[in-house]
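In: this one's structure only:
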């Protein structure tokens, strides 16, 4: 008697598996779904199913895509001499939003993390080197996250890549544009000072 | 070229409709769903479908249920002389968890809110009075939320209920058990003082 009707409990349990969704939010989501129009929940269900059916991993760059190779890899307008390496597919959007980068991508699907047992074999590193054997690449931009794991991954890759003779660069770290120095942590501020340049 | 493959964008858009889910969380949820086992996403989809198919509103108390009348209303062990009024179905669980209340419930599905255009006709008030015509009710406990809208709803109901001759009570407001006075806001502290009792 204590709990909800069984289908509701089941839905709450499933929602709780989603990242960042605790018991309270799962409950709120479940009640929203309960009350929503049938048409709306059907659209949600269809969207989930469609993503699971249609989305695959690009065999070249590991980006998520509905065509293989993905739209970046097959676009003749992109500069094939530069590869920008990111951890996750959604990092591509952040880069694309700048409208400045015109090269190709490589998605690692993670970062090195000894604590979580993620070593080089767990990342999509092997097919990056396969690409370098086939394609004429002049620069690799390491755009892994500016945190411990992203830095470790960038350092690891840089050591392997440099001997191959191409330019290996890392995105700059510093104080974010539009922010206030007051809120910058020491490590960021240290980077901002170390990477200072003439103006 | 700027965005994700279309099925991914569609999923993010659908997830963004959920309460408390902004663009960033919708993105995170979508990528989780993308990467999850097919079996897991199928369970989620089934759970959503099942809730939409099986869950109905109890014709007596408006609680969500998979049988009509709901398990509370049809349970002969519950005390039919007391009805506890709540705003939302999930409020029942909070009450049930105390394992103290043995009466019946009535779910209003909201609270009065002139700002959001929610008047008495938008709430499930009519069938509360229908119940009172048929059943011998001795006490109505108003357990709407301890905020402006919940208070307004409790006051509104109390004015209509008192002339009918039954006892009308409101749950106590005061400092939460296990909390620290330091964190109590003025209004709560005012209630805690006003509702003080001999020990």
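Out: Thanks, I have it. Bear in mind that the values here come from a model prediction, so they are computed numbers and not experimental data.

In: and residue A:110, what does it touch?
Out: Contact partners of residue A:110, counting by Cβ atoms under 8 Å, 6 or more residues apart in numbering or on different chains, are A:87, A:88, A:118, A:122, A:123. Placement of C-beta: from N, CA and C, glycine included.

In: please repeat the previous calculation with a cut-off of 6 Å.
Out: A:118, A:123 (Cβ atoms under 6 Å, 6 or more residues apart in numbering or on different chains).

In: with residue A:50 instead?
Out: Per Cβ under 6 Å, 6+ apart, neighbours of residue A:50: residue B:7.

In: go again with 8 Å.
Out: Applying Cβ under 8 Å, 6+ apart, the residues contacting residue A:50 are B:7, B:10, B:11.

In: ok, and of these, which contact chain A?
Out: Restricting those to those touching chain A (Cβ under 8 Å from any Cβ of the partner chain) yields B:7, B:10, B:11.

In: before we move on, back to that, by neighbours, which of the contacts of residue A:50 wins?
Out: Among the contacts of residue A:50, residue B:11 has the most neighbours (other Cβ atoms under 10 Å in any protein chain shown), with 28 neighbours.

In: what strand or helix carries the residue nearest to that one when sequence neighbours are not counted?
Out: In this structure, residue B:11 finds its nearest non-sequential neighbour in residue A:47, 4.2 Å apart by Cβ to Cβ, 6 or more residues apart in numbering or on different chains. Using DSSP states H and E, the element containing residue A:47 is helix A:38-54.

In: with residue A:132 instead?
Out: Assigning secondary structure by DSSP H and E places residue A:132 in helix A:126-134.

In: can you pull out the strands in chain A?
Out: A:56-57, A:64-65, A:79-86, A:103-107, A:139-142, A:167-170 (DSSP state E).

In: mind checking how far the fourth one is from the chain centre?
Out: Read that as strand A:103-107. 12 Å (Cα atoms, centre = their mean, to the nearest Å).

In: for that strand, packing partners?
Out: The helices and strands touching strand A:103-107, judged by 3 or more Cβ pairs under 8 Å, 6 or more residues apart in numbering or on different chains; DSSP states H and E, are strand A:79-86, helix A:89-97.

In: what angle do that strand and helix A:89-97 make?
Out: Angle of strand A:103-107 versus helix A:89-97, following axes from the mean of the first three to the mean of the last three Cα atoms, to 10 degrees, is 160 degrees.

In: give me the contacts around strand A:103-107.
Out: A:58, A:61-63, A:72-73, A:78-89, A:91-92, A:95, A:124, A:128, A:131, A:139, A:141.

In: tell me the angle it makes with helix A:126-134.
Out: Using the same axes, to 10 degrees: strand A:103-107 against helix A:126-134 is 150 degrees.

In: what strands line up against strand A:103-107, and which way round?
Out: Here strand A:103-107 has these sheet partners by DSSP bridges: strand A:79-86 (parallel).

In: show me what contacts residue A:45?
Out: B:45, B:48, B:49.

In: what sits against the residue nearest the centre of chain A?
Out: Centroid check for chain A by Cα atoms, centre = their mean gives residue A:88 as the closest residue, at 1.8 Å. Counting by Cβ under 8 Å, 6+ apart, residue A:88 touches A:107, A:109, A:110, B:31.

In: most surrounded residue in the residues you listed?
Out: Ranked by neighbour count (other Cβ under 10 Å), the contacts of residue A:88 have residue A:107 at the top, with 24 neighbours.

In: and the contacts of the helix or strand bottoming out on mean pLDDT in chain A?
Out: Within chain A, no helix or strand scores below helix A:186-194, which has a mean of 79 by mean pLDDT, DSSP states H and E. With contact meaning Cβ under 8 Å, 6+ apart, helix A:186-194 is reached by A:146, A:173, A:174, A:175, A:181, A:184.

In: as JSON lines, these with distance to chain B, pLDDT and neighbour count would be great.
Out: Formatted as JSON lines, the contacts of helix A:186-194 follow (distance: Cβ to the nearest Cβ, whole Å; pLDDT from 0 to 100; neighbours: other Cβ atoms under 10 Å in any protein chain shown):
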{"residue": "A:146", "distance to chain B": "17", "pLDDT": "88", "neighbour count": "16"}
{"residue": "A:173", "distance to chain B": "21", "pLDDT": "83", "neighbour count": "17"}
{"residue": "A:174", "distance to chain B": "22", "pLDDT": "85", "neighbour count": "17"}
{"residue": "A:175", "distance to chain B": "21", "pLDDT": "81", "neighbour count": "16"}
{"residue": "A:181", "distance to chain B": "25", "pLDDT": "76", "neighbour count": "9"}
{"residue": "A:184", "distance to chain B": "22", "pLDDT": "76", "neighbour count": "16"}
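
In: which pair of those residues spans the longest distance?
Out: Using Cβ to Cβ, the contacts of helix A:186-194 span at most 17.4 Å, a distance reached by A:146 and A:181.
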